[in-house]
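Visitor: Predicted coordinates and the sequence they were generated for:
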Amino acid sequence: DAGVIQSPRHEVTEMGQEVTLRCKPISGHNSLFWYRQTMMRGLELLIYFNNNVPIDDSGMPEDRFSAKMPNASFSTLKIQPSEPRDSAVYFCASSEGDRGTYEQYFGPGTRLTVT
Amino acid sequence: AQKVTQAQTEISVVEKEDVTLDCVYETRDTTYYLFWYKQPPSGELVFLIRRNSFDEQNEISGRYSWNFQKSTSSFNFTITASQVVDSAVYFCALSEGGGSTLGRLYFGRGTQLTVWP
């Protein structure tokens, strides 16, 4: 079975540009999570969806960040405009449910560099 | 306040040594779940184990074992006879059982384990 799929794997962009990260969760999973990992802050939850509905977006840094989940098999995280401090590895994860009884499975991550 | 504390930032051992990674958590919920993830140099996060708060039985899986103690709010991870391939960052995480935080994982800062040949 395919795991969580993320694209692109690497993204280099200039400050001010729009960046869109994509995620396809594991089929049958109904919860999807976006995380950011940096050396300074570790792993941070940005937002999570259950049944395509955003449940908790308190981790989204600011209005420049937005996330959508138009259907059960696709989600995007958009940064507009991007800034150098957004440079990080962004992970998408999915799980079978919205409860801690289910482990989360992570994608390979997107390494974003904003110059 | 940190919900999950991994006090060991880095650990170095020589192959075949046993090593224990510490994890201390904090929650007011009576129902909660604890996890360990491995992040090898390639960068992906790999799920290792999940335990729920009602099951304090220790678990062994090959060279890996986990010691869950509610009395000390700890969920420690031991690798027996370590190997070079065990070199990775290991994360402990907590998920609480109810309320607005339902489903989200709180991660510790991770412990970088280096196993030397």
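Guide: Thanks, I have the structure now.
Visitor: switch to C-alpha atoms for all contacts and neighbour counts from now on
Guide: Will do.
Visitor: All the strands of the chain, residue numbers only.
Guide: If you meant another chain, say so; for now it's chain A. Ranges of strands in chain A, per DSSP state E, are A:5-7, A:10-13, A:19-24, A:31-38, A:42-50, A:53-56, A:65-71, A:74-79, A:88-95, A:105-106, A:110-114.
Visitor: you looked at the wrong chain, it should be chain B
Guide: Using DSSP E, the strands of chain B run over B:4-5, B:10-14, B:19-21, B:24-25, B:32-39, B:46-52, B:59-61, B:64-69, B:74-79, B:88-96, B:105-107, B:111-116.
Visitor: on contacts alone, who are the packing partners of the helix or strand of chain B with the lowest mean pLDDT?
Guide: The helix or strand with the lowest mean pLDDT-type score in chain B, counting by mean pLDDT, DSSP states H and E, is strand B:59-61 (a mean of 85). Under the contact criterion of 3 or more CA pairs under 8 Å, 6 or more residues apart in numbering or on different chains; DSSP states H and E, the helices and strands touching strand B:59-61 comprise strand B:64-69.
Visitor: and the angle from the strand it packs on to strand B:74-79?
Guide: Taking axes from the mean of the first three to the mean of the last three CA atoms, to 10 degrees, one finds that strand B:64-69 is oriented at 160 degrees with respect to strand B:74-79.
Visitor: Show the low-confidence segments of chain A, by residue range.
Guide: A:1, A:98-101 (pLDDT under 70).
Visitor: mind running it again at 80?
Guide: Under the criterion pLDDT under 80, the flagged ranges of chain A are A:1, A:97-102.
Visitor: before we move on, back to that, any idea which of the strands of chain B is most buried?
Guide: With neighbours defined by mean count of other CA atoms under 10 Å in any protein chain shown, none of the strands of chain B is more surrounded on average than strand B:88-96, at a mean of 25.
Visitor: Provide the strand pairings for that one, with the direction of each partner.
Guide: strand B:32-39 (antiparallel), strand B:105-107 (antiparallel), strand B:111-116 (antiparallel) (DSSP bridges).
Visitor: circling back to that earlier point, and A:R64, which of the strands of chain B is closest to it?
Guide: strand B:105-107 (23.7 Å; CA to CA).
Visitor: What distance do you get for A:D57 to B:P41?
Guide: Distance check for A:D57 against B:P41: by CA to CA, to the nearest Å, it reads 29 Å.
Visitor: between the two, which one's more packed in?
Guide: Looking at A:D57 and B:P41 with other CA atoms under 10 Å in any protein chain shown, you find the greater number of neighbours at A:D57, namely 15 against 10.
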